[in-house]
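In: Next come a sequence and a model predicted from it.
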Amino acid sequence: MSSASFNWTPAAARAASLEVYLLGTVDFDAAIALQERLVYEVSGRADQQGVLLLCEHPPVITMGREASRSHVIADPHDLAACEIDVRWVARGGGAFVHAPGQLAVYPILPLDRLGCRLMSFRERLEVAIADTCRDVMMTVKRTSDSPGVWCRGGQLASFGAAVKSWVSYHGAYLNVSPDHSFLSMVESSPVGERLTSLEAQLKRPVPMHRVRESVIQNVASVFDYDRFHIYTGHPLLKRTTRKVCQHA
């Protein structure tokens, strides 16, 4: 396991830090299992230490508390042919499609000990995602009415979180460079705008590592972490192997 530290001013350092794990491409079920274990660990602590998981998922459609089956546009036979499951999950938000090229951002944070209310959590995480988009020169906006981050060409990021014992999990999904055939599998955002990606709008490659670095710094900043540590992988992550359909 390798680690690195950034943005740390010793004189201003606080007792707790943000522990960041870069997981690569991870099956959705494995990511959920790891989050649940980390929620248990963070809820049992007395300090403000938090965890941030960053990963990508093989193609899958997840359905939150505001979703209905009608939000899945893709034909069931096409989904079966591509081996894409539809999963109901205990998070907020509607129907989300996940695929390689989309960055999943999972903050496991002790909201009560951070003095962060639920609406403030959503606002801060969306601000961090919006600032990341601006770091790659993408003009974006967010609204208080509809969760997510938008640009002129459509919705770039979705928000769907959950809280257990005042510890957050699930989070946000930023479309960096996914195959757009996947994005068309679910109904567009609640405000009627289509799903899009940074690469499609900027019309140039957007390196995933650059986006990850920006997300880490912005998440740490909006949740007032003066220091963070970055690790590759996680010892509790149980990886699985599966075939991935690159084109729907």
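Out: Nice, I can see it.
In: Just the terminal-to-terminal distance for stretch 51-65.
Out: 24 Å (C-alpha to C-alpha, to the nearest Å).
In: Tell me the buried residues in that stretch?
Out: 51-64 (16 or more other C-beta atoms under 10 Å). From N, CA and C alone the C-beta is placed, and that goes for glycine too.
In: can you check stretch 45-52 too?
Out: Gln48, Gln49, Gly50, Val51, Leu52.
In: Can you check which helix is longest in the protein?
Out: In the chain, with assignment by DSSP state H, the single longest helix is helix 118-135.
In: and the next element down the chain from that helix?
Out: Note on helix 118-135: by DSSP states H and E, the next helix or strand toward the C-terminus is strand 149-151.
In: For that following strand, name the packing helices and strands.
Out: helix 118-135, strand 154-164 (3 or more C-beta pairs under 8 Å, 6 or more residues apart in numbering; DSSP states H and E).
In: from the chain's centre, how far out does the helix or strand that the last one is followed by sit?
Out: So that's strand 154-164. Using DSSP H and E, the helix or strand that directly follows strand 154-164 along the chain is strand 167-175. Centroid separation between strand 167-175 and its chain, computed with C-alpha atoms, centre = their mean, to the nearest Å, is 4 Å.
In: How about stretch 147-154?
Out: That offset, for stretch 147-154, works out to 15 Å (C-alpha atoms, centre = their mean).
In: Mind listing what's buried along that stretch?
Out: Buried residues in stretch 147-154 (16+ other C-beta under 10 Å): Pro147, Gly148, Val149, Trp150, Cys151, Gly154.
In: what does stretch 113-125 give?
Out: Judged by neighbour count using 16+ other C-beta under 10 Å, the buried positions of stretch 113-125 are Arg113, Leu114, Cys116, Phe121, Arg122, Glu123, Arg124, Leu125.
In: pretty sure the fifth one is touching Ala161, no?
Out: Yes - judged on C-beta atoms under 8 Å, Arg122 makes contact with Ala161 at a distance of 6.7 Å.
In: Among the buried residues of stretch 51-65, which lie within strands?
Out: Val51, Leu52, Leu53, Leu54, Cys55, Glu56, Val60, Ile61, Thr62, Met63 (DSSP state E).
In: Before we move on, what's the pLDDT of the last one?
Out: In this prediction, Met63 carries a pLDDT score of 93.
In: What is the nearest of the buried residues of stretch 45-52 to Val186?
Out: Taking C-beta to C-beta as the measure, Val186 lies nearest Leu52 of the buried residues of stretch 45-52, at 25.6 Å.
In: Having no further points to raise, I will conclude here.
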